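**Student:** Quick one, fold the following:
(one chain, ligands or ions: 1)
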Amino acid sequence: MDNLLLGVKQFKDEIYPEYKQLFESLKSQQSPHTLFIGCSDSRLIPDLITRSMPGDLFVVRNIANIVPKYRLSEEYLATTSAIEFAVLGLNVKNIVVCGHSNCGGCRALVQQEQFKNMPHTIKWLEQSSEIIKNIGSNFNDDKIFEEIEKQNIILQLNNLMTYPFIKEKYVSNSVNIYGWYFDIGSGTVFSYNKLTNQFEKLD
Ligand SMILES: [Zn+2]
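**Tutor:** Now for the predicted structure:
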């Protein structure tokens, strides 16, 4: 906790003055260009890896960067409502779904016994369980996990298309959609190319 309090103080005393004008210009409105849907993992920091500033990104994070399939519901749908608000309320121009290496959520898809006291986590990840059927069974191989993490990103890109208002905007080129994979150790971002079905390094 001391680290957090020290951070808050340092922000106010040292960082804020540097960006005072920017914060003041944002005090009564926002117009982010991008909806960033990322994993909650502490090592994936959207603003840091994109060098973004306050006002740039509208961020939604959850375990394994999942985009729930669109549905109308009486439940409280956090991710779905955030997507709806970003696209219809804020008119973002880009949507990025960003997964990452060594994703605990993706591992939980195939190592459920370690998560058996976390029923909500297991339930949440059910939304991505279909990718496991198409993947090999040698789960001792890190390459398999990388493949699961990447297939999971592609699944979420497809799920975005189940949102009628996103599909409409995508078809009319009003919104761009990207699938990113962040490799933690090397700090490299790879972007999904639908034409080659590969994740290609962003330079
Ligand atoms: Zn993750």
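
**Student:** Just give me the residue right at the centre of the chain.
**Tutor:** Gly38 (1.6 Å; Cα atoms, centre = their mean).

**Student:** burial count for Met161?
**Tutor:** 15 (other Cβ atoms under 10 Å). C-beta here means a position set from N, CA and C on the backbone, and glycine is covered the same way.

**Student:** right, I mislabeled it, should have said Leu5
**Tutor:** For Leu5, using other Cβ under 10 Å, the count is 9.

**Student:** And the pLDDT at Asn134?
**Tutor:** At Asn134, the pLDDT value in this model is 74.

**Student:** Hmm, it is touching Gln151, no?
**Tutor:** Yes: Asn134 lies in contact with Gln151 (Cβ atoms under 8 Å); the separation is 7.1 Å.

**Student:** between those two, which one's more packed in?
**Tutor:** Legend: neighbour count by other Cβ under 10 Å for Asn134 and Gln151, higher for Gln151 (18 against 9).

**Student:** so that one sits right up against Ser129, yeah?
**Tutor:** No: assessed by Cβ under 8 Å, Gln151 is found out of contact with Ser129, at 11.5 Å.

**Student:** Might you report the residue contacts of the residue lying closest to Asp47 once chain neighbours are set aside?
**Tutor:** Nearest residue to Asp47, sequence neighbours excluded (Cβ to Cβ, 6 or more residues apart in numbering): Leu57, at 6.3 Å. If you count contacts by Cβ atoms under 8 Å, 6 or more residues apart in numbering, Leu57 has them with 32-36, 46-47, 50.

**Student:** let's go with 10 Å and repeat that
**Tutor:** The contact partners of Leu57, by Cβ atoms under 10 Å, 6 or more residues apart in numbering, come to 32-36, 38, 46-47, 50, 86, 92, 94, 96.

**Student:** And Ser129, by the same measure?
**Tutor:** Per Cβ under 10 Å, 6+ apart, neighbours of Ser129: 109-110, 112, 122, 155.

**Student:** now, which of those sits nearest the ion?
**Tutor:** Of all these, the ion sits closest to Leu109, with 11.0 Å by Cβ to the ion.
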